[in-house]
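[1] I'd like to go over a predicted model; first the sequence, then the structure.
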Amino acid sequence: MRKRIAITHVGCAGHYIGAKHCRWHRHTQVGDLYRVSTIGNYLQPGNSSRDTLGGGETDFFETMVFHTGPAQDAESEGCGCHEVLDWCERYGRRYATAQEAQAGHDATVETYAELAQEQITEKGKKRSWKTKK
Ligand SMILES: [Zn+2]
């Protein structure tokens, strides 16, 4: 039977140095391979209105994807997120609204789940090809 990619929704914010001041975040671990993280509504202490995350006037939310390894994130207290192997994002997208961020996060998880599924299926094929030889 084909192994299914595990999709784990975790509670911690998945990226961004100012994440603790982001009032909105979603974080999904896709198999062992990808961290899909969306954050937004960045309200710094002392500010009365939210700040943008990017250069655009309405960049209030962003999704980023990072490559992860099989080990749990050492600082996670076992919440289910994995260690990031490379903090250079594989994908990034910004949005103006929480609605767009919500949809964008879901679409990104779907895309990377398919990609991860293809990768483990390919790995399985190579493995069985090697054992036959
Ligand atoms: Zn975590």
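    Perfect, thanks for sending it. Numbers count the residues shown, from 1 in each chain.
[2] get me the contact residues on this structure for the ion.
    10, 12, 76, 79, 81 (C-beta under 5 Å from the ion). Every residue, glycine included, has its C-beta placed from N, CA and C.
[3] quick one: contacts for the residue nearest to the spatial centre of the chain?
    Centroid-nearest residue in the chain, with C-alpha atoms, centre = their mean: residue 36, separated by 1.1 Å. By C-beta atoms under 8 Å, 6 or more residues apart in numbering, the residues touching residue 36 are 14, 27-28, 30, 63-65, 105, 108-109, 112.
[4] can you map out the helices along this structure?
    Shown for the chain, the helices assigned by DSSP state H span residues 98-132.
[5] just for it, where's the confidence low?
    The model of the chain has pLDDT under 70 over residues 1-2, 127-133.
[6] mind doing that once more with 50?
    133 (pLDDT under 50).
[7] longest strand in it, please.
    Counting residues, the longest strand found in the chain (DSSP state E) is strand 82-95.
[8] that one to helix 98-132, inter-axis angle?
    Orientation check (axes from the mean of the first three to the mean of the last three C-alpha atoms, to 10 degrees): strand 82-95 against helix 98-132 gives 140 degrees.
[9] contacts for strand 82-95, please.
    15, 29, 32, 34-35, 40, 53-54, 56, 59-74, 101, 104, 108, 112.
[10] pairing partners for that strand, with directions?
    In the sheet, strand 82-95 lines up against strand 61-72 (antiparallel) (DSSP bridges).
[11] got the CA coordinates for the strand it pairs with in CSV?
    This file holds the C-alpha atoms of strand 61-72, laid out as CSV (Å, rounded to 0.1, in the frame of the first residue of the first chain):
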residue,chain,number,x,y,z
PHE,A,61,0.3,38.3,5.8
GLU,A,62,2.8,36.0,4.3
THR,A,63,3.2,32.3,3.6
MET,A,64,6.6,30.7,3.4
VAL,A,65,7.8,27.2,2.8
PHE,A,66,11.0,25.7,4.3
HIS,A,67,12.8,22.4,3.8
THR,A,68,12.7,20.3,7.0
GLY,A,69,14.5,17.1,8.2
PRO,A,70,13.1,14.1,10.0
ALA,A,71,14.1,15.3,13.5
GLN,A,72,11.6,17.2,15.7
